[in-house]
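> Quick one, fold the following:
(4 chains)
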Amino acid sequence: MILTQRRTTILFFIIGLVVAMLAGWIAVPAALYESIEQPLGFSHVVHTSDDAGMECDDCHHLTSEGGFAGIPKIAVCVDCHEEAIGTSVDELKLVEEYIKPGREIPWLVYARQPDNAFFPHVRHTRLAKIPCEQCHGDHGQTETLRPLKRNRFTGYSRDIWGNDFSGITTSPPFSMKMSDCVDCHRKRGVRDSCLACHK
Amino acid sequence: MIEPLDNRAPTRVFLPWIGFWMAIFALGAYCTVLCLSQGLFHTNMNNRFGFGIWIFLDLTVIALGAGAFFSAFLLYILKKQALKDVIGAAVVLGFICYSGAVVVLAIDVGQPLRAWFTFWHPNAHSMLAEVTFCLTLYLLVLAIEYVPLILKNPSLSKNVSLLVFEGQLHKVVVVFAGVGAILSFFHQGSLGGLYGVMNGRPFAFREHFFIWPSTFFLFILSAIAAGPSFLILINKLASKISKKQLVRKEAYDFLGRISGWLLLAYVGLKSVDTIVWINHTAPASGYSASEFFKEASFGTWILFAEIILFGLLPALVLINNRLRKNPLVMIVAPLLVCIGIAINRYVMTLQSQSLPTLPFEEFVLYTPSLVEIGVFGGMLSYGVIVFSLSYRYLPLFPGLQQKAKT
Amino acid sequence: MGFSVKRRDFLGLVGGGAIGAALSPAPWKGLDDIAIWTQNWSWKPRLPRGPVEVAFTHCGLCPAGCGLKVRSVGGNPVSIHGVPGHPSSTGFVCALGLAGRYFSYHPSRIVEPTIVGTSGQRRGISRKAAVRQLGDWLDKARSGGGHGSVAILDNHPGRVRSLAYRGWLATLDGVHIKGLREDTPINRLRTMLDGPAPELGLDIARARTVLSFGAPVLEGLGSGGAGAHLRGRSDTEKPYIVQIETRPSRTARGADLWLRIAPGTETVLALGLANILVSEGLYDKEIIAQQALDLDGPGGYRELVARFSPKQVSRITGIDAATIKKVARRFASGPAVVIPGVDPGGGPLSAEAQTAAFSLSLLNGDVGRPGGVVARRAIPQEGQLADTVELADVPDGSIRLLIVDGAAGGCAMPTSLLKRKLNPSEGRVVSLSPFERSALHGADLVIPSTTPFENIDEAGVPIDAPVDSMGLTVPSMRAPDYSVDSLSVLSMVAKSSVVPTITELLRGRSDRIHAGGRGSVFDPSKGESVPLTEFQTNGDLWRALMGGGLWTDTSAAFTCPPFRLMGANAAIRDRLPQALEQPSTADRQAREIVLMPFGWRDAPGDGPLPPVMAKLFRETRLRLDSRFATICPKTAGELGFAQGDKASIKTSLGSITVEVVLDPAVVDGVVHVAVGPSTEAFGDASPGKGDQPLDLPSCKNDDCWRVIPAKMLEVVS
Amino acid sequence: MTKTTPKKRYGMVIDIDRCDGCGACMVACSLENNVSVVPAGAAPHRGLTWIRVYSVTNKKEYPDSDTAYLPVSCQHCGNETPCVGVCPQSAVDVDPKNGIVSQIPERCMGCRYCMVACPYHARYFNWWDPEWPEGTEHLLNPGVTPRMRGVVEKCNFCHGRHHAAQERAASEGRSEIEPNEYQTACAEACPNGAITFGDLADKNSEVAKLAAGPESFQLLKSLGTEPKIYYLTQRGWVRDMATRTPLISKGQSHD
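Predicted coordinates for the structure are as follows:
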């Protein structure tokens, strides 16, 4: 009698444990992030192929003040795409909806840090010689743009937290939380105050 | 359904009483929502008064709630059996004071949703971090000490497994009493240290012993002196309201005596501290102590009131065996003790901020806003409600229980 | 027993769930996300993102026209800086200029034309309807009245825009009215010269003495920061500044000598100084002998000043005779600049005080010498232009249609003064203004215009610039669709004439400058000037100007023509001796006080202020606004007021309620109240918000309202 | 990264005799650092001014009356920094490389202990949700994050400008900035040149020379907090009022 009772209790305990872990590992991440499609399809591979012959910094360059210009304005696209090249849906959309009316493309940024973070790209790429891929992964070799996963609550991109929901990343692309910055700085012997990265 | 104990007030008496306090509590809850949802502009605090009436309240109730850890320490560790009568009430009071203080503290900070950063990114040097850690842990201890009391409710104790659990808990209560004493010792001290470490505030800053300023020790001493007095007061009040003899005279006498002697020690050390502060600490920082008491609202009278009128006087009364026999004295003297401790916390919190440190800044006074008073009232009513419910449903007073059974 | 089992199971489920949850990242992530939410919640503004663009321009907020470096993101200026090495502003920008970009989003901005209906209610109308209405009123005004029935009040005269106004008005037989500015008094000096006079400027930088009658010399008078640089200059040759003022203003505090004068006695002091110059023979005898037309003879200047003995002057002005002598001797020791100042809120000195003051310049031979009054070479103008006059000289009731250019002038003017110039039955006011506050003063029709950072215009030539210059206010943000340039409005209603666009006008002036071939152009991006001759084409010059460059002329010699020390105006001449009839300072009656409004140099009367100026007025009391009255403790004691009391200041036209502030440095018997928008209600133009002391004075003299008899009463609550 | 870079000690010298209380520094600072404006009717001492100009008179009558203006910001104390030790969650720290005392609003929970501890009343709390009139968020300085309600903020020597200077230096391959590349907004805006900002550790810098001069003093030097803001004046009454000297020599117990 007592044995049976204990057994059912253990069963209930395990049910609770499993359900909660499933919820915590799978359901919550799925519910927490919404998936938003990019406004336009884009292939990095096509642009950096020998045909197009573009270099990364043709679009993603530093400004005169040393800041990172980020994603290029429509004016850069116009240089080649003033008229549609080919007949793909995205190509026509680019020309009709953005280039002709002179509208900027509202790209969604995977790696967007919050307003309070100061990340000088130039210090990391030029002085510390860290390759872009370390943080951004193989983004430059992608055929398509994946949808942005945005935290419904905080508005942060999933890339900040990292793909692994446990928050532990061991190989690039690294997640981009403050603790990730701190870890890397510690490894490289850079000891800074809060203000070094916060603005 | 949980039933009240047999000899408690009938529902028709209890309901209006609890209803009245619930109304005040609701008002406090409304004020709380205002502060949490819109911001602290609802208070009258300002950049010169970062700590207002709430901090004063927190410090005072935590000092008065010291009865819990100190009684537990005396009873379970030092085996002072006279305190058996009051330990239940002491635990409940302690729980009320500490949980109330934590809640008010959460309202008081501008970003309560981030308050857990203190645990995640603590600054080991900060007295407030120490306070937060010890306070939270001790509140946990109090909750654990409270649980056996709850489980002693007759309708709950019908449940065998809970009763077993209660018995298990009871075995380790000594451990909790010890842990609680250490935790409390530190956070009471840290609350004093909160002020004593402020090297930029000559009014509050004190000489250090090792890493601790003198206020660290003074706060501990004053808290364990005031705690028993507060226990006397509350038990007497509860007796008065319930018209029952809840605690035996010996317990009151013991509490009064211990409060008196500790207070005497406190007053002595506080006087030494004040003399050192006036003659050494303050002038070394460039301030003559007379400047601190220039304004009428914080004149030398307040120093006199704190140390002599509400310190030395009740201490001398309480150590006198003959005077302690007088029931009126046993109400007035503990009351004076509690007021004295409140004045000390008030002075440390508000006078130190009223006084400008910059020579060209002005003396500023602060009056709490209605919202602040509302939250204050909410906290008070919370205490009354929890204590009333505990009294009604739980065997807080073993002495009374025995009498009821016979 | 079944109950017990269920309970155990339930506890097991809960326990397992709790442990399972704790072993998953969800609760910890939740805690983290909640904290992150508090750092980024939706009502926290997002920072502008994108590359920063840098451009150069000039400030159009006041006549100083400081050079600006503007950093923008996405077409919005995110910060404004001075331009080091700029010829006139030398890197300076005042608080208002730094915050000026906030004007475009000011809460009191007008977003549609409004008209006052028959019921007196203000309602919105379309721009088309507004222009039609303006056209109707224009026709009516022209048919009903003669010369001057149509007028434009130009708060920023001297720009090419002003020339366009005058050209348009010439076709309508209208008049161009110059708004009040700090350089207004210099026109008085021009009337004292016998014969045509060029544009005049003050050479403060090279003066040996500056004699300032209440002008904000050290607070940003003239070219940006010039006064500040006077203070900062460490050389021994920097001018000795004598400030003549009732109030412990920042200039009075910082001056080498502060003469705390009794209110309204500047004429007496000026003639008292002249008395010493004449009696001690300290004046420039050569020039006076050759050029002065009215020194000797009956009713002459010598006879006039003889009556202003130091003793008499001391009795009236409250300044002791020895100091007066000391100042006169210092004044005569080298080139000096006299500034019979216009206070941004208190208005100008009386005409006779200005005349008396400038007579000192003429006596000292300062007109036409470096360090004194210098002439600017003119750029040739074209076409028929209407008269340009000052408001004081406009006959009462003569205007049937007044168009107010809402440009910031830097000075406030009493509403009652403007109203009196209007035809009582048919006078209409049309305001072309971006803001409610400046538009609502009695305007029948308001058409929203652009703010200074949105439209292209000409930056002013400051009062202390010894030479002419041209700098542009290049737009640093886009003008909203509901706003319209003032010249476009005129061109919409103009029937017979063609009103040029502002760009055409500016380009025209640029081309004429290029044709003249004189001067040099400052390049703000390099911080250096190059001679104009290096600009090959007129297009090169235009591009330089559009890039925020500043052209400055070369100086030219100027010989002072014959002049009249008492001026040409007989009425003013007759009023000069009457100055002596004022009571002595000792005779002041208790309970009788005078109200003296004043203005902060960068927060003048009419316009709104950007909310960030709250730092100076609301969040600290570094400056006091019109809610406060400063009075000396002695007078306050006589009247029964203490620090912090509420008081009602009453004049014949109304009253304002103020809080009493005691200051032992203020002159006895005077209460000072700042003029300007209420800083408790930045942007709010509703009635009662921003009570203006300037609505109180009953202007006996059109040109002077700085001393107003008043009573100070307790506020009965 | 180079690890042998000499430590900097950023500081300021404010010449009180040159300050005429125009307040341009306060406005420039607020614009630079996106400091918000408190609502109308806000009680005194609730405003946000990272640098606050105090006006002090000698209470005498004309002609002896005199007014001094003292701009007071965070003094960036170099020793026993009163605010750093008290913060329970490490939202305040001192940059070991340059001595700038920081305040990280995102870490701050708004307990205000640091405000109580600061003898210079230089810390400010966001009693309200900061409001920006519609449209003006486009005008915010992108280099400084706006704060939220319920946190403390204060002067950090325009750290956004330090960031910008570092970024510019890095784009030229330098890891260190030149002295002329970094200046605070208040120093830039002061029309009278009353504020000199620079590296106190660099003995040849203007700021170090002025700070070492005979006319310089620190506010409340007697507290031993070693402020990195120095003041200059030739006026005896101002100096007497603004400084305090220990009335007795400091004992050993102050550690």
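
> Return the residues of chain C in contact with chain B.
Proximity of chain C to chain B is confined to C:4, C:8, C:31, C:34-35, C:37-38 under the rule Cβ under 8 Å from any Cβ of the partner chain. For every residue, glycine as well, the C-beta is placed using N, CA and C.

> Format those as TSV; extra columns: pLDDT, neighbour count and secondary structure.
Below are the residues of chain C next to chain B laid out as TSV (pLDDT from 0 to 100; neighbours: other Cβ atoms under 10 Å in any protein chain shown; DSSP: H, G, I helix; E, B strand; the rest coil):
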residue	pLDDT	neighbour count	secondary structure
C:4	50	12	helix
C:8	75	17	helix
C:31	91	14	helix
C:34	93	14	helix
C:35	92	20	helix
C:37	93	17	helix
C:38	93	21	helix
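
> now stretch C:632-640: mean pLDDT?
For stretch C:632-640, mean pLDDT is 91.

> Spatially central residue in chain C, please.
Against the mean C-alpha coordinate of chain C, by Cα atoms, centre = their mean, the closest residue is residue C:410 at 1.5 Å.

> and stretch D:86-101, does that touch chain B?
Yes: Stretch D:86-101 lies within reach of chain B by Cβ under 8 Å from any Cβ, at D:86-91.

> before we move on, back to that, which residues are in contact with the residue nearest to the centre of chain C?
Applying Cβ atoms under 8 Å, 6 or more residues apart in numbering or on different chains to residue C:410 gives the contacts C:61-63, C:181-182, C:344, C:601, C:604.

> and the gap between it and residue C:603?
Distance, residue C:410 to residue C:603, by Cβ to Cβ, to the nearest Å: 10 Å.

> ranges for the strands of the chain?
You didn't say which chain, so I picked chain A. For chain A, the strands defined by DSSP state E cover A:33-36, A:148-151.

> that's the wrong chain, I meant chain D
With DSSP E as the criterion, chain D has strands spanning D:10-15, D:51-57, D:67-73, D:124-125, D:152-153, D:195-199, D:216-217, D:229-232.

> Highest mean neighbour count out of those strands?
Neighbour counts (mean count of other Cβ atoms under 10 Å in any protein chain shown) averaged over each of the strands of chain D peak at strand D:124-125, with a mean of 28.

> So, low pLDDT: which residues of the stretch 301-406 of chain B?
B:399-406 (pLDDT under 70).

> Helices along that one, start to end?
Remark: helices assigned in the stretch 301-406 of chain B by DSSP state H, counting those that start in this stretch are B:313-318, B:321-324, B:329-346, B:352-354, B:370-393, B:398-405.

> quick one: which of those helices is nearest residue B:24?
Nearest of these to residue B:24, taken as Cβ to Cβ: helix B:370-393 at 4.0 Å.

> How far away from the center of its chain is the closest one?
14 Å (Cα atoms, centre = their mean, to the nearest Å).

> Buried residues, it. List them.
Within helix B:370-393, the residues scored as buried using 16 or more other Cβ atoms under 10 Å in any protein chain shown are B:371-388, B:390-393.

> where does chain A have low pLDDT?
If you take pLDDT under 70 as the line, chain A has these spans: A:1-5.

> Correction: the previous question concerned chain B.
For chain B (pLDDT under 70), the answer is B:1-2, B:156-163, B:399-406.

> Most proximal residue of it with respect to chain D?
residue B:110 (2.3 Å; Cβ to the nearest Cβ).

> just to revisit the earlier point, need the helices of the stretch 301-406 of chain B in a markdown table (columns: distance to chain D).
As requested, the helices of the stretch 301-406 of chain B are exported to a markdown table (distance: least, Cβ to the nearest Cβ, whole Å):
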| stretch | distance to chain D |
| --- | --- |
| helix B:313-318 | 28 |
| helix B:321-324 | 39 |
| helix B:329-346 | 14 |
| helix B:352-354 | 6 |
| helix B:370-393 | 12 |
| helix B:398-405 | 40 |
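
> between the contacts of residue C:410, which has the most around it?
residue C:344 (31 neighbours; other Cβ atoms under 10 Å in any protein chain shown).

> I'd say that one and residue C:599 touch.
Yes: between residue C:344 and residue C:599 there is a contact under Cβ atoms under 8 Å: 3.2 Å.

> how deep is the residue of the stretch 201-350 of chain B found nearest chain A tucked in, by neighbour count?
The stretch 201-350 of chain B approaches chain A most closely through residue B:211 (24.3 Å), counting by Cβ to the nearest Cβ. By other Cβ under 10 Å, 10 other residues sit near residue B:211.

> repeat for residue D:24
28.

> quick one: contacts for it?
Counted by Cβ under 8 Å, 6+ apart, residue D:24 has contacts C:93-95, C:98, D:189-191.

> Kindly reformat the strands of chain D as a markdown table containing distance to chain A and mean pLDDT.
Formatted as a markdown table, the strands of chain D follow (distance: least, Cβ to the nearest Cβ, whole Å; pLDDT from 0 to 100):
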| stretch | distance to chain A | mean pLDDT |
| --- | --- | --- |
| strand D:10-15 | 11 | 96 |
| strand D:51-57 | 18 | 94 |
| strand D:67-73 | 16 | 94 |
| strand D:124-125 | 17 | 96 |
| strand D:152-153 | 12 | 96 |
| strand D:195-199 | 16 | 95 |
| strand D:216-217 | 26 | 93 |
| strand D:229-232 | 18 | 96 |
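
> max-length helix in the chain?
Because you didn't say which chain, this covers chain A. Taking DSSP state H as the criterion, chain A has its longest helix at helix A:2-22.

> that's the other chain; I wanted chain D
helix D:159-171.

> any idea of the mean pLDDT in that helix?
Per-residue scores along helix D:159-171 average to 92.
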